[in-house]
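K.L.:
Below is the sequence, then the predicted model.
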Amino acid sequence: MKLNKKDFHLNSFINLLETKPFLGFLSVNNFKVQDKINLKIQLNKIGFDFKVLKNGLFINALETKFPKYIHIGALSQGFSIVIFPLTDKTNFEFLSLKDLAIILKKDKNLLFLGGLYEDKLVNNTFLKEILLLKSPTEIYSDLIGIIKHSQISLLNSFKTVPANLIHCVKNADSNNN
């Protein structure tokens, strides 16, 4: 049986809810064709994509298949842009959300309304906190810096201990004389 356009989009959105670890909902002003193309290019570079979803379809999917998510219905106003990773839940890299947060922060026309991450409701604060996360390379660099600093401090301590000991011995010797 061939699905009509509405059922096709409904099934497509249901599939996103079932298989994707992250869904983000955006509101936009003046979303032109060129803006849509640019957003798609930017998102694809970082492993994400989006769909434009009508409010009625969104609410219908929630009511019929995902009543536990009914509270996110407020995120859909008129039409929504739903952002999702191209990978499934098992291959998703959490730090890819940082790249998404950077894109959303730069484009003032895109307003992040909220979303779902691992079946939990998230908001704009979630994305702001992700921007503060360090990459593994930055963490390794910090650790190497700490280790290097500790080694230098330890070596300096070894150098000062003998000098202090010699000073104490000389003082004791001069006090005895």
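P.N.:
Thanks, I have the structure now. Residues are numbered from 1 along each chain as shown.

K.L.:
use CA for all of it now, contacts and neighbours both
P.N.:
Fine.

K.L.:
can you map out the strands along the protein?
P.N.:
Here the chain has its strands, by DSSP state E, at 22-28, 48-54, 79-85, 110-117, 120-122.

K.L.:
So which elements touch the third one?
P.N.:
With contacts defined as 3 or more CA pairs under 8 Å, 6 or more residues apart in numbering; DSSP states H and E, strand 79-85 has these neighbours: strand 22-28, strand 48-54.

K.L.:
partners of the last one, with directions?
P.N.:
When you say that, I think you mean strand 48-54. Its sheet considered, strand 48-54 pairs with strand 79-85 (antiparallel) by DSSP bridges.

K.L.:
could you check the angle strand 110-117 makes with the strand it pairs with?
P.N.:
Put simply, strand 79-85 runs at 60 degrees to strand 110-117, going by axes from the mean of the first three to the mean of the last three CA atoms, to 10 degrees.

K.L.:
Show residues contacting strand 79-85.
P.N.:
16, 20-27, 47-55, 92 (CA atoms under 8 Å, 6 or more residues apart in numbering).

K.L.:
Just the buried residues from those residues, in PyMOL please.
P.N.:
Buried members of the contacts of strand 79-85, defined by 16 or more other CA atoms under 10 Å, are picked up in PyMOL with:
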select buried, resi 16+20+21+22+23+24+25+26+27+47+48+49+50+53+54+55+92
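
K.L.:
ok so, going back, and the helices and strands packed on strand 79-85: which comes nearest residue 130?
P.N.:
Nearest to residue 130 among the helices and strands packed on strand 79-85 is strand 22-28 (13.5 Å), distances taken as CA to CA.

K.L.:
what packs against the closest one?
P.N.:
In this structure, strand 22-28 packs against strand 79-85, strand 110-117, with contacts taken as 3+ CA pairs under 8 Å, 6+ apart.

K.L.:
any low-confidence regions in this structure?
P.N.:
Counting by pLDDT under 70, the ranges of the chain that qualify are 1-3, 75-79, 154-155, 157-169, 172-173, 175-177.
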